[in-house]
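**Q** Predicted model and sequence follow; I will ask about them next.
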Amino acid sequence: MVDGERKPETEELPEAEPGADGEAPADEAAPAPGATDGEEAGEEALDPLAEQAARIAELEAEAQTLRDERLRALAEVENMRRRSERERREASRYGATALARDLLGVADNLRRALASGGGDGLLEGVEMVERELGAAFARHHIARIEAEGERFDHNRHQAMFEMETADAEPGTVVQVVQDGYLLHDRLLRPAMVGVAKAPAAEKEAASANEETPEVEEPE
């Protein structure tokens, strides 16, 4: 190089400012290959719709199950109602079957007694009928009410008349017009009875004694 010639001045480039960590800022991140912002947004929108559709299908299946169970329950109730109604009709129509079967023997004996033509045979046949009827009643827990000599009880007795008598206490049954019966502890028919009352003379004497004042004796 010849002295006196000047060297060409080179233009210096400005240095890049370091980042916060002392390194030069990197280029902006490029989007991932094969995926765009629109596709990601579409997938995010489809996920809630799919969940809702699955939930709807699940609820519809549960609703169908509940409908089936309800229909089965209604069918069972209807069948039970029909069965109860049928049993009620049969009990009302055929409830006395056992008693009626036992009374057939009573009817047979009564027919034999009537066919005997009277006399001792008729009396004996009627007695047999009464005994067999009593046995049939006992098997079915039908009991005659023993009323004569008992205190009048309006739950079991029906007073037909009053009889003045000094042989029994007032309010006592002295005559049975028609027997009463019980089925277990339930009244089938009250006994029709006559009830004793005090004679009129005794009533007058009793009332006179009550009205007469007590006289004090002089000292």
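**A** Right, received. Where do you want to start?

**Q** Longest helix in the chain, please.
**A** Looking across the chain with DSSP state H, the single longest helix is helix 37-94.

**Q** Now do the contacts for residue 66.
**A** Shown in contact with residue 66 (C-beta atoms under 8 Å, 6 or more residues apart in numbering): no residues. The way it works is simple: take the backbone N, C-alpha and C, and place the C-beta from them, glycine included.

**Q** Mind pulling the model confidence for it?
**A** At residue 66, the model reports a pLDDT of 94.

**Q** quick revisit: and the next helix or strand after the longest helix of the chain, what does it pack against?
**A** Using DSSP states H and E, the helix or strand that follows helix 37-94 in sequence is helix 97-115. Counting contacts by 3 or more C-beta pairs under 8 Å, 6 or more residues apart in numbering; DSSP states H and E, helix 97-115 packs against helix 120-139.

**Q** which other residues reach the helix it packs on?
**A** 99, 102-103, 105-106, 109-110, 112-114, 116, 143-144, 181.

**Q** Compute the inter-axis angle for the longest helix of the chain and helix 97-115.
**A** Inter-element angle recorded for helix 37-94 and helix 97-115: 20 degrees (by axes from the mean of the first three to the mean of the last three C-alpha atoms, to 10 degrees).

**Q** residue ranges with poor pLDDT in the protein?
**A** Residues of the chain that meet the criterion pLDDT under 70 lie in 1-46, 118, 201-219.

**Q** switch to 90 and redo it
**A** Applying pLDDT under 90 to the chain picks out residues 1-54, 90-131, 165-168, 185, 198-219.

**Q** can you pull the contacts of residue 113?
**A** 121, 122, 124, 125, 126, 128, 129.

**Q** mind putting those in JSON lines, neighbour count and distance to residue 176 included?
**A** As requested, the contacts of residue 113 are exported to JSON lines (neighbours: other C-beta atoms under 10 Å; distance: C-beta to C-beta, whole Å):
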{"residue": "121", "neighbour count": "14", "distance to residue 176": "29"}
{"residue": "122", "neighbour count": "15", "distance to residue 176": "25"}
{"residue": "124", "neighbour count": "14", "distance to residue 176": "25"}
{"residue": "125", "neighbour count": "18", "distance to residue 176": "25"}
{"residue": "126", "neighbour count": "15", "distance to residue 176": "20"}
{"residue": "128", "neighbour count": "17", "distance to residue 176": "24"}
{"residue": "129", "neighbour count": "20", "distance to residue 176": "20"}
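
**Q** ok, of those, which one's closest to residue 174?
**A** Closest approach between the contacts of residue 113 and residue 174, by C-beta to C-beta: residue 126, at 27.1 Å.

**Q** measure that closest one to residue 199 for me?
**A** 39 Å (C-beta to C-beta, to the nearest Å).

**Q** How about residue 58?
**A** 94 Å.
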